[in-house]
Structure formats: C-alpha cells, structure tokens
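Chemist: need a structure here:
(chains A and B)
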Amino acid sequence: MGSVHFEKVEDYLWEIPREGRMRVPGRIYASEKMIQDIQSDESPKQVMNVAHLPGIVKYSLAMPDIHWGYGFPIGGVAAFDPEEGVISPGGVGYDINCGVRLMRSNLYRKDVEAGIKDLIAAIFAKVPSGVGSKGPLKLGANDEKAVLLKGARWAVEKGFGTASDLEFIEEHGQMAHADPSAVSPEAYARGRAQLGTIGSGNHFVEIDVVDAIYDEKAAEAFGLQKDRIVVIIHTGSRGFGYQICDEYVRKMLRASEKYGIELPDRQLCSAPFQSPEGQEYFGAMNAAVNYAFANRQVIAHWVREAFEIGLKRSPREIGLELVYEVAHNIAKLETHVVDGKERELVVHRKGATRAFGPGHPAVPVEYREVGQPVLIPGDMGRYSFVLVGTEKAMEETFGSSCHGAGRRMSRRQAKKAARGRAIHRELEDRGIYSMAASRATMVEEIPEAYKDVADVVEAVEGAGIARKVAKLLPIGVVKG
Amino acid sequence: MVHNASKIRFFDHTGDIGMEVFAPSLPEVFKTAAAGMFSILTESRTIHPRLTKTISLKAEIADELLILWLNRLLFLFDTEGWLFSQFEITLPNEKSLQAVVRGEHFDPERHEILREIKAATYHRLTLEKRENTWYARVIFDL
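Modeler: The predicted structure is shown next:
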C-alpha cells in the first residue's frame, strides 16, 4: 500500500502524520532497507487504524518486525489512558502471553555436541508438542483456579522448578488482577488438557550455544559466556488463551457499539478500560497470562529432566538456571513518564517485548544496573539474540522493543520453496539436529520463510530502543 | 464434501491463511467454509463421517454467526479431538444455525494434523449476497 505517507524522523524512525480520525500520529522503527518492504504491506494501515482508538497516548507504535496482523499489526505497541482510554483483545491477540524463556546451563559446546541427538530425543519424549497435544498433568478443579491466580508460582509450589526461578520472570510469573470468574467453562475445558504443552507453528524448545558477546558487562550480569549452552522455550497460553480472546472479541463488538467507539476494523473492538466489559476482559486476560507463565514453568522443569536423561548428568552439572522470561502478547498497567509527568497507562504489546532500562524497579536486582534482558528468537536455522532494555526505550516506546524475526513468506510460498528438500537434513548439515511432531511444520517454518532477525536487531539497536548483548546459534530444536 | 456449485479460494496473509467462499445459498456458505477450514487442519479425505453430532448456535449479527460456527468446530477439535467432513446446515433465520455434522475423533495413526488454527478472526470478515451468489471472506489466525 504505497498510499500511506511516511516522514523520516531520524535514522531508524518513521512517522505517519495524523489524518482523518487518527487521534495521534503513527511511528514505525525500521531501517531504510526494511521500510520499503513495510510500505508495500498492509501493516502501516493497521498502525493508522490503532491510532483511531480512544485514549491512545502519544503514538501508535510499531517495531521493525512489524507485519500484517488482524486488527493490530504484529509488532504493535499502544498505550492508553486508563480513565479515558480503552482495552482491546485484538491488541493482545489470540495467544495471550505468548512469550520466551531463556535458561543457561553449566555446560559448554564440547559437553553437549556428542549427545545432542539423545538430548533432543529426550526433550521430544518429555515435552508434548504438536497440534492437539495433551499434557500428562491431571488438574483438579482447585488446581485449575490456582493456575489462573498464581501462574508460575503454582507450578513451583507443585514441584516444577524452584522459587528462585520466579525472580527472573516478567512480573515474577504472576499477574495481579486475574479473575477466574471471568473465564468461561469452554475456556476451562480447552485449557484443561493443554497445560505443559508446546503446541505447533513457530513454537519450540531450542538448544543454543552462545556464539558472540557484544556487551561484556550485561553478558556477565546475565551469566552468558561464549560457547555456553542455553535453552530457549517459546510458547504461550495454548487453546485457553485462544478461547478467551475469541469470546471477548465478540463481547467487545457489542461493547464498542454500546460506548460509541468507532472501529476502522472490527478486530480492533474495545471497551473503556474502566467499564465492566473492560475490567472483565482484563481479569480473563490476566488469567490466561498466568496460565502461560505456568505452562512455560512446567515445560522448563521437563526440559531440565530431559537434560539429565539425554546427557546422563546430574542436575548440578547441568544447571539450567533461568536467565529471564518475557511476554510478547499482553496488555498491562504500567507507569511511564509522558511529557515529564508520571502516568499509569494500559500498555498493549502485540508481538512486542517489554524492554525496561537500567534502574527500573521491575528489573531483577541482579540485572538492575544494566537493564532488562530482551529475548529475540530468530528462525530455526540462523541465530537468536539477547538484547538489553535502554533508557531511550523508556522515553520513546513505553519500554518496548521487537519480539522476533517476523515472517517474510506465506506458508504457501514456504511450501513451494521447500518442495523436494529434506529440511531436517539441511539443518543437520548446518549443525542443527531437529525433531518435529509434524512434517508440515518443518516445511512451513523453513529458515528463509522469516526475515533475517539480525536486520530487526540492527534497527532496534540503531534506534536505541535496545542494545545487543549476545548472539545464540541453534544446535538442536524440537518443533510442534 | 464441498457442494459442486460452491467454490473455495485460499489466499495468503503473511503467516496466516485467508479463505474466500462462493456458494449458491447461505447454508452452503457455512458448509463450504467448514469443509475448507478442516482442509487447512488435515487431509480432509482421511476424515470418515462415522459419528454424528448436533450443534445449535445463535449470534447477534449474521456474519458473526459464521465466525461463531467455525470457532465452535475448532473448540470441539481442541477439547474432544473431533474432525468433521460432512455438514448439514439449517438456518431458521440469518442469526441462528442448527447443524448435524459427521466425522470422527482424531486418530494419530490415520490423521496427520498439518497446522494449528488458533481461531477464525473478525479481521476483514465479509458475508454478503452478490446477485445470485453468496460470498464470504474469513482470515484465520494460525
């Protein structure tokens, strides 16, 4: 859509001026190279659409991994005034609290290389993956509610991991304001069998080796050294979150009519944050946020067990302490400085990561001097990055940064590109051993189906809204 | 089973999939859309219509009924493993639906699940009569 007018604000930052009923301008972080691609896409129009919503503060923002979503663009960030503004299920998405966890082992490349096949097989056996996968957990009615209220803390109390893990999860793995009574019986039914499952698509468990360090001080704080083995887990709230989003989009369609909110796209339906509808969604969404925190905590425990089985080593030798865990589909009440004044805001991040800078009280004490770890997984064949939040992100993006590579090819294009190729063998030639529940997933997730995550990271670093700390290379991956 | 006169066209939406349905009647739209959705999920020909289930739904706006219908089928797959291949649809009015659907439960020995569908979305949702043909457009979140 070449029709969207962009103005360059500075290197890596572009503005879409206000027009029509936009309440604020749009702003997209991207390099010169990327902005060409972005302009040919529908996503700038979606940035403009979000700017129509009542109570939006400063800008409708998008990160460099922006692409066409439904309603909000993927990579979108928008903050709303809690008194005059709205909350929108479309600004969070179906996979509520989809997120990324990074764990560092005590092992180095040489300790794992020979046993990588056994390790991947052990993870594949231990962690249910694939569509419709069911976990071995049996939850009683009390547990179901406790998961929604306590999140990762519930998992720790049940023996999955340790209390020290909680220090290194965004919000300590437990959001306040979760309301289990705002959750329908259908959502409970959908969530019941899926706790402790990865799912499919771009979700995975990956073994990586630290390949490069860019910021010695931050890397040291995060416990990352060259050649150290780390694990990335990427998944969310599974069918539980999808059901909540679907039901509340329907409720918000009625609420938007009731409160006279004009919608440029129905998927942007919203309610005033303080309205009964807004608060009900906030309560249900936070229950799903906690479900996802518990999900990743349970999976992490099984990954630790799989390391013991696959590598025949003791827990002490293995380590696997939590570096950090971030959410990238979420709406949260946060305090930010706007035009010199502290304000509480409802910050929506849809395919964007919180990236709080040094000194922020929400950053774990161990990292406070350097800033919050920001985890950016790439595609399964290239590399991922660990970044750190900056003061500039606090000033410009409500403490937010990018979340991943972003797709470049449709599934059909990927399938065409992969025709006649043995993807798992190609990965093996690159030193990456893979197992997947579905062949179709491997084909649709081929590395070239994604943008080069290094371009995305270059743009956020260039814009100053996060800084590179380390590059991770995959050596083993379990896909759904 | 897609009715002879009904047509379906899939289109790309970055990581997601869009679907356009052209059908001679409104019940045929619902039937064809459901068959199309299950073809995204698995190889439809592997679903045997051995078991029957009835579904009743009510929506407040006609096109929302289509999303409600598709997401109910996804819910039944997710919770009980239902895969469906035959759909008999009755629409007492444009906001309510009664369906008799036939299929079977997911069997990993015989069914390969190709990809997960999170939901049918309201993004650019269209359901309208164009002269003699009904047209629907749905974008799925994958």
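Chemist: can you give me the helices for the stretch 51-200 of chain A?
Modeler: Along the stretch 51-200 of chain A, the segments classed as helices by DSSP state H, counting those that start in this stretch run A:109-112, A:116-126, A:141-150, A:152-157, A:185-192.
Chemist: deepest of those, which one?
Modeler: helix A:152-157 (a mean of 23; mean count of other CB atoms under 10 Å in any protein chain shown). Just so you know, the C-beta spots here come from the backbone N, C-alpha and C atoms, and that holds for glycine as well.
Chemist: Extract the CA atoms of that helix and return them as CSV.
Modeler: Extracted C-alpha coordinates of helix A:152-157, given in CSV (Å, rounded to 0.1, in the frame of the first residue of the first chain):
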residue,chain,number,x,y,z
ALA,A,152,4.4,-19.8,37.6
ARG,A,153,4.2,-19.7,41.4
TRP,A,154,1.5,-22.5,41.2
ALA,A,155,4.0,-24.6,39.2
VAL,A,156,6.8,-24.0,41.7
GLU,A,157,4.5,-25.0,44.6
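Chemist: can you map out the helices along chain B?
Modeler: Remark: helices assigned in chain B by DSSP state H are B:26-41, B:62-80.
Chemist: could you redo these as JSON lines and give each row distance to A:A355 and mean neighbour count?
Modeler: Formatted as JSON lines, those follow (distance: least, CB to CB, whole Å; neighbours: other CB atoms under 10 Å in any protein chain shown):
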{"stretch": "helix B:26-41", "distance to A:A355": "35", "mean neighbour count": "22"}
{"stretch": "helix B:62-80", "distance to A:A355": "33", "mean neighbour count": "21"}
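Chemist: Just tell me which of the ones you listed ends up closest to A:S314.
Modeler: The minimum distance between A:S314 and the helices of chain B falls on helix B:62-80, with 38.6 Å, by CB to CB.
Chemist: By neighbour count, which bits of stretch A:224-235 are buried? Give me those.
Modeler: Buried residues in stretch A:224-235, defined by neighbour count with 16 or more other CB atoms under 10 Å in any protein chain shown: A:L224, A:R228, A:I229, A:V230, A:V231, A:I232, A:I233, A:H234, A:T235.
Chemist: mind checking the SS state of A:R313?
Modeler: Following DSSP: H, G, I helix; E, B strand; the rest coil, the label given to A:R313 is coil.
Chemist: tell me the contacts of it?
Modeler: Applying CB atoms under 8 Å, 6 or more residues apart in numbering or on different chains, we find A:R313 in contact with A:L107, A:F307.
Chemist: For it, give me the pLDDT.
Modeler: As predicted, A:R313 sits at a pLDDT of 97.
Chemist: for A:G464, same thing?
Modeler: Confidence for A:G464, expressed as pLDDT, is 98.
Chemist: can you tell me how far it sits from A:E395?
Modeler: Per CB to CB, to the nearest Å, A:G464 is found 9 Å from A:E395.
Chemist: The two: which has the busier surroundings?
Modeler: A:G464 (19 against 15; other CB atoms under 10 Å in any protein chain shown).
Chemist: hmm, what's the outermost residue in chain B?
Modeler: Most distant from the centre of chain B: B:E109, at 24.1 Å, with distances by CA atoms, centre = their mean.
Chemist: pLDDT weak spots in the chain?
Modeler: Just going to use chain A. A:1-2, A:132 (pLDDT under 70).
Chemist: try chain B instead
Modeler: Scanning chain B for pLDDT under 70 picks out B:1-4.
Chemist: How about the residues of it by chain A?
Modeler: B:10, B:12-17, B:41, B:60-61, B:64, B:67-68, B:71, B:74-75, B:77-79, B:81, B:106, B:112-116, B:118-119, B:121-125, B:139, B:141-142 (CB under 8 Å from any CB of the partner chain).
Chemist: What's the ChimeraX line that selects buried ones from the residues you listed?
Modeler: The buried residues among the residues of chain B next to chain A can be selected in ChimeraX (16+ other CB under 10 Å) with this line:
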select /B:10,13,14,15,16,17,41,61,64,67,68,71,74,75,77,78,79,81,106,113,114,115,116,118,119,121,122,123,124,125,139,141,142
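Chemist: and the residues of chain B next to chain A, which of them are in strands?
Modeler: Within the residues of chain B next to chain A, residues falling in strands by DSSP state E are B:F10, B:D12, B:H13, B:D16, B:I17, B:A119, B:I139, B:D141.
Chemist: what's the distance between the spatially most central residue of chain B and chain A?
Modeler: In chain B, the residue lying closest to the centroid (CA atoms, centre = their mean) is B:A34, at 1.7 Å. Per CB to the nearest CB, to the nearest Å, B:A34 is found 16 Å from chain A.
Chemist: how close does the closest residue to that residue other than its chain neighbours get to A:A437?
Modeler: Leaving aside its chain neighbours, B:A34 sits nearest to B:F87 (5.1 Å; criterion: CB to CB, 6 or more residues apart in numbering or on different chains). For B:F87, the distance to A:A437 equals 28 Å [CB to CB].
Chemist: what does A:K350 give?
Modeler: As defined by CB to CB, A:K350 lies at a distance of 27 Å from A:A437.
Chemist: neighbour-wise, which of the two wins?
Modeler: Taking other CB under 10 Å, A:K350 and A:A437 do not tie; A:K350 has more neighbours (28 against 23).
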